[in-house]
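# From the sequence below, what's the structure:
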Amino acid sequence: EVQLVESGGGLVQAGGSLTLSCAASGFTFDGYVMGWFRQAPGKGREGISCLRSSDGTTYYTDSVKGRFTISSDNAKKMVYLQMNSLNPEDTAVYSCNAQDLLTLYNYWGQGTQVTVSS
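Prediction:
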């Protein structure tokens, strides 16, 4: 059974940093793209970063480029999102995602709340 469990969210002041972690189980990262999405209050879900572990290719949405860094530890089945220079617009529920490259099926974690105060 595929499971994704996020941790590391919390309350931080503007300009601060947080690192989110996603613990994966039930599959190996080969053949998957691992990503982070977020959903702010009253807004739709937004894909912010992803990582293809097979070749290390990464993607960042424009609003987080230069501030967020996605990484993984394949042996530990962990995916991380280092978030720096946070601002109130980054306030959202952040969710870990695993997409099967063969079937395009998406697995989701339960999400972790990140709140940035001004």
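# So the residue nearest in space to the middle of the chain, which state does it fall into?
For the chain, the residue sitting closest to the mean C-alpha position, by Cα atoms, centre = their mean, is residue 36 at 2.5 Å. Going by DSSP: H, G, I helix; E, B strand; the rest coil, the secondary structure assigned to residue 36 is strand.
# partners of it in the sheet?
Beta bridges link residue 36 to residue 49, residue 96 when assigned by DSSP bridges.
# With adjacent residues omitted, what lies nearest to residue 79?
Nearest in space to residue 79, with sequence neighbours left out and distances taken as Cβ to Cβ, 6 or more residues apart in numbering, is residue 22 at 4.2 Å. Heads up, the C-betas are built off the backbone N, CA and C, glycines and all.
# just checking, that neighbour is part of a strand?
Yes - using three-state DSSP, the secondary structure at residue 22 is a strand.
# Cheers, nothing more for now.
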